[in-house]
Every structure is written in structure tokens, then in C-alpha cells.
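Q: Requesting a structural model of the entry that follows:
(one chain, ligands or ions: 3)
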Amino acid sequence: MKEMPKHIAVIMDGNGRWAKQRKKMRAAGHRQGVEALREVLEKADELGIRHLTVYAFSTENWARPKAEIKALMLLLLEYIKGESKALHKKNVRITTIGDLTSFDDKIQKEIAKAKALTKENTGLNFNIALNYGARDEIKRAVSSIIDDERAGKREGLAVSEEEIEKHLDTRNLPDPDLLIRTSGEMRLSNYLLWQLAYTELVFTETLWPDFTGKDLEEAIKEYQNRDRRFGKI
Ligand code: IPE
Ligand code: IPE
Ligand code: MG
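A: Numbering: from 1, shown residues only. Ligands and ions are numbered 1, 2, ... in the order given. Purely as a prediction, here's the structure:
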């Protein structure tokens, strides 16, 4: 049997275009996107994937119209509030990456609650990237190393890759084995730039709201047919 990816990262893209095709509001696309996420989460759990990291809101997404941001925040709040108990029952552990301090207190509190509730769970790690940008993450990591230096918590001035990794939001995670981006865009949009160094990339034309458990299995199959060399021969 071919090896399953331990960590899958997903750029859930195309909600707006999905809505436009149906002459609906963009928010309706985001709502349908949540349904797709539900199905993918279920399938990842069933397949025994250890970590699923999904890009839900980027540091650049704040530049969208106010009304869309409001709709996304409402949806996020509703999702975390409504879903965390069911996820807990499934032994799913909820974590996040990104700078949460930019969110409303209400959202921050719900996220903290969901994390606390599920923190001992041993099943799938469902990791949500919220106000996440890889450059922002690296900037915060560097600042935090400088803080350690100032506090006399380090030895010597040399910085290692391991030390940088310990200061990234993903400090407790293995690097993604597989990245999936939907909607046909072939770019990383400031997602996990450090961690994707040797990740296998799979791009699909399918818009995120149409992405199914079956599509996840297809992407995994494609991953399993890749030859990962990591610079060796
Ligand atoms: C992804 O869908 C969801 C978020 C970025 C929050 P988009 O909203 O980017 O949908 P498109 O790319 O405009 O179709
Ligand atoms: C990336 O999608 C961010 C999320 C999926 C949350 P975008 O739609 O924001 O990316 P660009 O602007 O097309 O690169
Ligand atoms: Mg998009």
C-alpha cells in the first residue's frame, strides 16, 4: 500500500466564482464552501490523515469589501460555535495558525473555547489558517527570536533552521506532504512559504464549493504517484 500523506494543506479557493456562476451573492459561495469543508474533513478523518491545514482567511483578505469581510466573520463565528462540539465527539483536535489578535473578542473567545475543548483529542488535527500570511508568520518568528535574545534565553548569535521552526505558528506540525489548491489558480498566495519547501503540489480546476471527498481521494492518489526526491537521486 502506498503511503498516505500525514499532513495535507488546502487553499480553499473559488467560492466567489462559484456564487457568480449561479448569480448568487459571494457570501452564498462562502456558505457552500463550509459544506465542502465539512465533507473534506469527514473524508480526511476517515482516511486517517493526521493533520489538515485549511486556508480560511489570509492577511491580504482584509482588503476585500467590508460587507464580504463581515459575512466571512459571521460565518466563521457560526462555524466555530456550531461545529466544535460535533468535532470534539469525533476526537478531532482544533488548532489555528495566524495572528488571531486582529479578530473581534467574540471570535477570539469562541476559538479559544474550541481549542480548549478539543486539546486532548488524539484524532485528526484540524488546523485553521486565520488571518494567516506566511510573511507575517516569518516576521513574527524573527521578532520572537530577537525577544529571546534580549531576554538572555539564547546561546550564541547563530540561528538554525530548527530554531526558526520552533518560532513559527506551525511549531508542532510536520511540513505538509501534499498541498491542494482549488479553482485553477496556480499560486501560493502567501500560504506556508517556509513549510511547503518539499511539499507535492496538486492544482485542480474544481471550485472549492464543488470539491468533494472523492476529489480529496483523487488528489491523494496523484500524490501517491509522485516521486519525492528531496534533492537526492
Ligand atoms: C476563497 O474563495 C475563500 C476566501 C478567500 C475567504 P474566494 O472568495 O477567493 O473566491 P474567488 O477566488 O473570488 O472565486
Ligand atoms: C487565498 O485565496 C486565501 C484563502 C483561500 C483564504 P485568495 O483568493 O485570497 O488568493 P488570491 O488573491 O487569488 O491570490
Ligand atoms: Mg480567491
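Q: OK, contacts around the residue in the chain that ligand 2 sits nearest to?
A: Residue nearest to ligand 2 within the chain (CB to the nearest ligand atom): Ser189, separated by 3.6 Å. (C-beta placed from N, C-alpha, C; glycine too.) Applying CB atoms under 8 Å, 6 or more residues apart in numbering to Ser189 gives the contacts 11, 13, 55, 58, 60.
Q: what helix or strand does the spatially closest residue to Trp62 that is not a sequence neighbour sit in?
A: Excluding the flanking residues, the one nearest Trp62 by CB to CB, 6 or more residues apart in numbering is Ile69, at 6.7 Å. Secondary structure from DSSP states H and E places Ile69 in helix 66-89.
Q: and the very next helix or strand once past that helix, C-alpha only, in CSV?
A: Going down the chain from helix 66-89, the next helix or strand is strand 93-97, by DSSP H and E. Listed next in CSV are the C-alpha coordinates belonging to strand 93-97 (Å, rounded to 0.1, in the frame of the first residue of the first chain):
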residue,chain,number,x,y,z
ARG,A,93,-8.3,18.5,17.7
ILE,A,94,-8.9,22.1,16.6
THR,A,95,-5.9,24.4,16.3
THR,A,96,-5.1,27.6,14.3
ILE,A,97,-2.2,29.3,12.7
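Q: Does ligand 2 have contacts with strand 93-97?
A: No - if you take CB under 6 Å from any ligand atom as the test, strand 93-97 misses ligand 2, and the best it gets is 12.1 Å.
Q: residues in contact with Val142?
A: Val142 touches His167, counting by CB under 8 Å, 6+ apart.
Q: Can you tell me the element it falls in?
A: helix 134-150.
Q: Give me the below-cutoff pLDDT ranges for this protein.
A: Within the chain, the segments meeting pLDDT under 70 span 1.
Q: So which residue is dead centre in it?
A: Val54 (2.6 Å; CA atoms, centre = their mean).
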